[in-house]
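> When you get a sec, could you give me coordinates for this:
(2 chains)
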Amino acid sequence: MNLTPADPNNRVIRLGSKPPSETTITAKGAKGDFLLPDDLAIRIENLSITYKINVDTKKTLKNAVMRASKGERVRMRQVEAVKNISLDIPHGSVVGIVGANGAGKSTLMRSIAGIMPPTSGRIIVNGKISTLLALGVGFNPALSGRDNIILGGLASGLTRDEIDSKTDEIAAFADLPDGFIDMPVRTYSSGMYGRVAFAVSVSMTPDILLLDEALSAGDASFKEKSFLRMRELVEEARTIVIVSHALATISDLCDTAIWMHKGSILAHGAPEKIVEEYLKFLEVGTLPSNLEDM
Amino acid sequence: MSANGSPRGKGSSVNGRKKATAPLIQVFEPHKAKTPPLIPYFAEFWQRRTFALELARFADKAEYLESKLGKAWLVLNPLFLSLVYFLLVTVLRGGASKTDGLNTLAHILIGIFMFYFAQNIISDGAQSITSGGRLILNQAFPRALLPFSSAVRAFGQFWPTIPTYFAVVLVGKIFYPKTHIPLADWNYIWAPFIIAALAITAFGLSLVFAVMNVYFRDTSKLLTYTTRIWLYGSPVLWKPEMLHGWHRIFLYINPLGPSLAATYHVWIDGVTPSLAEFIGMGFWIILSMAFGTYFFTSRERDFAVRV
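Numbering: from 1, shown residues only, chains lettered A, B, ... in the order given. Predicted structure coming up:
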């Protein structure tokens, strides 16, 4: 088996086969400047993310006051979503992340996007990020698709002029049936909804595109169109990180894959191999023998 | 978050305009003292203000898209409410002269308009994070932009009530010329400051309630009742001078109290607000913004896992 287990000494895992560039760039951290190879799109250093969630069934002020009156506290649980991950992703990579629910995939993606700051460790992102981590990004159902494209673009950090100049291009990419782009989004099917969201995220000309279960939207022809667009992005040396339970997508599209398990990177390597072993794990429920100790 | 370097893509242009310079090398590190680094935070807040302004505009468009009277409701709603309260107050008080009646109507009118402005900032701001769930799960931006957008929207709904107030007073003065309500008076120069003080205080409070609503989803429901009681406890249906001695403390422990008392003095009495009112407004601006900003930014990280 050609799986590469995660390093037990937690050295940085560098994805891809090329050695790191000797040319460096400077990034500014809280404790001063530091250098990193200029071919890196993403560097993750000893990243851990924990957060607390309220496990009470009723998350209400009334419930909290009632509990306090009985001398009880709101029931909280600490979640260790990501555990000490170190990873280098070079520019031009298409990385697939697989793993069971609760493996920490989405939290990792959010932390790369800057949405979820680390509890410890550091993430350096070299390039402009575009994300599609929650389907139907900020869409207001009462507004038209066109209005929502403008809102989505502004939320991504584009100026009004920039998004105005891209709106027609995005609407054309979404390829909705006649007239739908100017109709309220609440009249859309879930596929149409997903098309618009995907069109917005890939039209931002990102250096790094983060997609979490975003490729399930749309029919077969839109999926092919999405794949083609992503191939174009890769040819422009842009980086894509995909989280998907559609394992065929990972095999078809990615040049490297990561298997996350309970917050850690269990293995990395060729997508076909990772997917094959992950599928066996899903069927049998036990980890491959050479990964059990990880 | 800090940024430097010059990776690919920088400096490209659209329609001859240079792109907004997004930070192209971003470093995400744990927050010190739970809050993000505040200088980059506010720099990004300022850079992304257009998003908040457009979000407010689109939210307004969405709300009134299918209403026949559309934005007229923004004025009609507080106007009708003021008339109901006016009838209630005059019936309860009984036997007021016609001039007094116009004074009472004008006071309730401007008081309700101002109070509703603050109430809209607080209640819409309180729901801004929970209702912006998908945006929060998908995009990294200073979350304070969402309650700020609600405040901008509330201002857009508030300003048309000012000409309405003057129209009512103008008509009233035609019928009752002896009334002393000012129409053109130098003391109106204080009005923008009072409106700003009210808005900033309410925005600071909205930051607190926005966080509370993330943790406890019934906060916004509770606010519906709280703001109603708050209205009765504010100098909107009664004059600030009705409080004497130590009772005047109620005017100042109310975060909106000094602004609403100053509103009465400028708009109805035509006098400069008192020093105590200026100090009260300043105190509540500083307290609500300092506490609101700390409370909000120190809890921002939780939003992505709780919305």
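> Which strand or helix spans residue 167?
Just so you know, I chose chain A. For residue A:167, the element it lies in under DSSP states H and E is helix A:160-174.
> could you do chain B instead?
Counting by DSSP H and E, residue B:167 is part of helix B:161-175.
> Now do that helix: which elements does it pack against?
The contact analysis (3 or more Cβ pairs under 8 Å, 6 or more residues apart in numbering or on different chains; DSSP states H and E) places helix B:161-175 against helix B:72-93, helix B:98-131. C-beta coordinates here come from the backbone N, C-alpha and C atoms, glycine included.
> Would you mind saying which of these lies nearest chain A?
Chain A lies closest to helix B:98-131 among the helices and strands packed on helix B:161-175, at 9.7 Å (Cβ to the nearest Cβ).
> related to what we said a few turns ago, tell me how far the helix holding residue B:167 is from the chain's mean position?
24 Å (Cα atoms, centre = their mean, to the nearest Å).
> and it with helix B:98-131, angle?
170 degrees (axes from the mean of the first three to the mean of the last three Cα atoms, to 10 degrees).
> what's downstream of helix B:161-175, the next helix or strand?
Criterion used, DSSP H and E; the element after helix B:161-175 is helix B:191-215.
> buried stuff in the helix holding residue A:167?
Using 16 or more other Cβ atoms under 10 Å in any protein chain shown as the test for burial, helix A:160-174 gives A:162, A:163, A:166, A:167, A:170, A:171, A:173, A:174.
> can you give me how far stretch A:255-266 is from the chain middle?
13 Å.
> Does it reach chain B?
No. Figure legend: stretch A:255-266 not in contact with chain B (Cβ under 8 Å from any Cβ of the partner chain); closest approach 14.1 Å.
> Residues contacting that stretch, please?
Applying Cβ atoms under 8 Å, 6 or more residues apart in numbering or on different chains, the set of residues contacting stretch A:255-266 from outside is A:3, A:5-6, A:13, A:15-16, A:80-85, A:87, A:93-100, A:102-105, A:108, A:250, A:267-271, A:274-275, A:277-278, A:287, A:291, A:294.
> Could you export the lengthiest strand in chain B as CSV, CA atoms only?
Counting residues, the longest strand found in chain B (DSSP state E) is strand B:25-28. What follows is strand B:25-28, C-alpha atoms only, in CSV (Å, rounded to 0.1, in the frame of the first residue of the first chain):
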residue,chain,number,x,y,z
ILE,B,25,-0.1,37.0,2.8
GLN,B,26,-2.3,36.4,5.7
VAL,B,27,-1.1,35.0,9.0
PHE,B,28,-3.8,33.5,11.3
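> Tell me if that strand is near chain A.
Yes. Strand B:25-28 reaches chain A (Cβ under 8 Å from any Cβ) through B:25, B:26, B:27, B:28.
> The most centrally placed residue in chain A sits in which helix or strand?
Centroid-nearest residue in chain A: residue A:109, 3.7 Å away (criterion: Cα atoms, centre = their mean). Following DSSP H and E, the helix or strand that holds residue A:109 is helix A:105-112.
> ok, now residue A:56?
Using DSSP H and E, residue A:56 maps to neither a helix nor a strand.
> Isn't it up against residue A:72?
No. Counting by Cβ atoms under 8 Å, residue A:56 does not reach residue A:72; the two are 10.2 Å apart.
> So which of the two has more stuff around it?
residue A:56 (13 against 10; other Cβ atoms under 10 Å in any protein chain shown).
> Burial check on the residue nearest to that one when sequence neighbours are not counted, number of neighbours?
For residue A:56, ignoring the flanking residues on the chain, the nearest one in space by Cβ to Cβ, 6 or more residues apart in numbering or on different chains is residue A:75 at 5.2 Å. For residue A:75, the neighbour count with other Cβ under 10 Å is 11.
> On the three-state scheme, residue A:79 is what?
strand (DSSP: H, G, I helix; E, B strand; the rest coil).
> In contact with it, which residues?
A:50, A:51, A:52, A:53, B:305.
> can you list the weak-confidence ranges in chain B?
Within chain B, the segments meeting pLDDT under 70 span B:1-23, B:65-69, B:95-99.
> check contacts around residue A:222.
So residue A:222 contacts A:175, A:191, A:195 (Cβ under 8 Å, 6+ apart).
> will you turn these into JSON lines that also has distance to residue A:201, neighbour count and pLDDT?
Shown next, in JSON lines, are the contacts of residue A:222 (distance: Cβ to Cβ, whole Å; neighbours: other Cβ atoms under 10 Å in any protein chain shown; pLDDT from 0 to 100):
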{"residue": "A:175", "distance to residue A:201": "15", "neighbour count": "16", "pLDDT": "87"}
{"residue": "A:191", "distance to residue A:201": "16", "neighbour count": "13", "pLDDT": "85"}
{"residue": "A:195", "distance to residue A:201": "11", "neighbour count": "24", "pLDDT": "86"}
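> Nearest to chain B among those?
Nearest to chain B among the contacts of residue A:222, with distances taken as Cβ to the nearest Cβ, is residue A:195, at 16.0 Å.
> Find the residue closest to that closest one in space, skipping its chain neighbours.
residue A:174 (4.5 Å).
> Got a PyMOL select line for the buried ones in the contacts of residue A:79?
Only the buried entries of the contacts of residue A:79 go into this PyMOL selection, using 16+ other Cβ under 10 Å:
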select buried, (chain A and resi 51) or (chain B and resi 305)
